[in-house]
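Colleague: structure for this input, please:
(2 chains)
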Amino acid sequence: MALAPLCLILAGCATPDGARVSGDVFDPYEENNRQTHELNRALDKALVRPVGVGYTAIVPDDLEGSIGNFASNLGLPGTVVNNLLQGNVEGAFTNTMRFVFNTTLGFGGLFDVAGDFQIDEVKADFGQTLYVWGVPEGAYVELPVLGPSTERAMVGRAVDLFTNPLSYVLPSPDKYIGTAAGVASKVGDRGRYAETVDSVLYNSADSYSQARGIYLQNRRFELGDGDAAEEINPFDLNTEGF
Amino acid sequence: MTQYTRRAATCLIGAAVATFTLMPTTASALDNASAKKLVDALVGEINRVIASGKSEQAMYSDFKRIFAKYGDTSYIAAYAMGNDGRRASNAQKKKFSAEFQTYISRKYGSRFREFIGGRLEVKSVRPVKSWFEVQTTAFLRGESPFTVTFLVSDRTGRDKFFNMFIEGINLLLTERTEIGAMIDKRGGSIDKMIADLRNAK
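Modeller: All right, here's what the predicted structure looks like:
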């Protein structure tokens, strides 16, 4: 029953005609998206970037790493739920092992002990679950504050607010520590990769289409949707004169 | 059933013809081992430059030399210029190709600094159509390992890489978007784009 509204939203997902290749972009809301993009850039310039750069400069690397580990460890139970919804029992098992090791031996998730044993996270989110279930990607959307997304990924994000069992178990103040650590680690990433992010947001000729292209390609790669490397034929191009 | 058999037979004949006509290519230099060797050598040279502790400017010119040695530079430049390449004069193409190499070396050279203390390991090689895909894993400090893929072909008569994917992000496609946007922003002028490439980051 709870899924009924979800189906309605997904049925509303716009889809392009015909098959899509990996570099393709379906962006019917481009005008609105570009406005949001300018808003996000202004927000980044005024707030996120300076805070991120300051955070990385002030917080020692080890502590920054621990905050990131802590946040990602708390997210694992939600990942396991999505692994299972996708029928990936092996992934669910690996992530459960990670959670157990890191929560106990890693002092509540501050240290990535499991990673030292090559027990790496098998990433999953509800947007991916929808992909596995055959829901189409929908249109590209740039969300305020959160940035690049697709209609399918956006629905996934909303549902993921409820997929983490920990949020039902942990008492109120504690669960916000996880959220705060998550935000801190995102802000820290902005500072750590300042140059790379700057090169897309501020140095490229059209930051909107660069951000869109990079997001879509990376997201499809993570989902295992299409094999981009197979689509170009180097012998089809006229290179004479170059 | 009969149809199925007929199709199978057609396929077999097709495969035989293909094998026959492809023979010379199959016998040529590029195979799994040589594609891996190219990427190993490329990665080795990049790692040495990063570890050398030279000034940034010196590193950029080293990267440019490496790019020219291991990369299919004319293919990469032609791809990056996309459809605009069709109306470009030979002089423009030549100039663009040279400026583009400098631009790429500077742009990605400055990124390589984030690789200090990290390493790339070749994981697997597989043939795809007429080229090879070399998958490597990048290990960076404090980072989960991620995938970097090189595409290698012997189109030019020598083994060269002609594209690179970082976690699925196609660098050629990214640069084609960039060059296209630069030309659009300059009212369609290829000359202005080439001139400004010198200062582009």
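
Colleague: next up, the contacts around the residue in chain A that chain B sits nearest to.
Modeller: Nearest residue of chain A to chain B (Cβ to the nearest Cβ) works out as A:F221 at 2.1 Å. In short, each C-beta sits where N, CA and C put it, glycine included. For A:F221, the contact set (Cβ atoms under 8 Å, 6 or more residues apart in numbering or on different chains) comprises A:A228, B:F165, B:E167, B:G168, B:I169.

Colleague: for A:G87, grab the count of nearby residues.
Modeller: 11 (other Cβ atoms under 10 Å in any protein chain shown).

Colleague: so it lies in a strand, does it not?
Modeller: No: per DSSP: H, G, I helix; E, B strand; the rest coil, A:G87 lies outside any strand segment and is coil.

Colleague: pLDDT wise, what is the closest residue in space to it that isn't next to it in sequence at?
Modeller: Leaving aside its chain neighbours, A:G87 sits nearest to A:V132 (7.6 Å; criterion: Cβ to Cβ, 6 or more residues apart in numbering or on different chains). Looking at A:V132, its pLDDT is 96.

Colleague: ok, back up a step: out of the contacts of A:F221, which is most surrounded?
Modeller: B:G168 (24 neighbours).

Colleague: so what's that one closest to, chain neighbours aside?
Modeller: Distances taken as Cβ to Cβ, 6+ apart put A:F221 closest to B:G168, at 2.1 Å, once the chain neighbours are dropped.

Colleague: which secondary structure element contains the one you found?
Modeller: helix A:207-223 (DSSP states H and E).

Colleague: how near is the residue nearest to B:G168 to B:P145?
Modeller: 15 Å (Cβ to Cβ, to the nearest Å).

Colleague: low pLDDT regions in chain A?
Modeller: Across chain A, residues meeting the criterion (pLDDT under 70) sit at A:1-23, A:227-235.

Colleague: where do the helices sit along chain B?
Modeller: Assigned by DSSP state H, chain B shows helices spanning B:2-27, B:32-51, B:56-70, B:73-81, B:90-112, B:171-185, B:190-197.

Colleague: that should have said chain A, apologies.
Modeller: Ranges of helices within chain A are A:4-11, A:30-43, A:49-58, A:61-85, A:89-104, A:113-116, A:126-132, A:151-163, A:166-169, A:172-192, A:194-201, A:207-223, based on DSSP H.

Colleague: number of nearby residues for A:A92?
Modeller: Neighbour tally, A:A92, other Cβ under 10 Å: 20.

Colleague: that one is in contact with A:G78, isn't it?
Modeller: No: the criterion here is Cβ atoms under 8 Å, and A:A92 misses it with A:G78 at 11.6 Å.

Colleague: find the nearest non-adjacent residue to A:N238, please.
Modeller: That would be B:A78: by Cβ to Cβ, 6+ apart, it lies 6.8 Å from A:N238.

Colleague: in this structure the one you found contacts B:R86, no?
Modeller: No: in this structure, B:A78 is not within contact of B:R86 by Cβ under 8 Å, at 10.2 Å.

Colleague: this completes my enquiry, with thanks.
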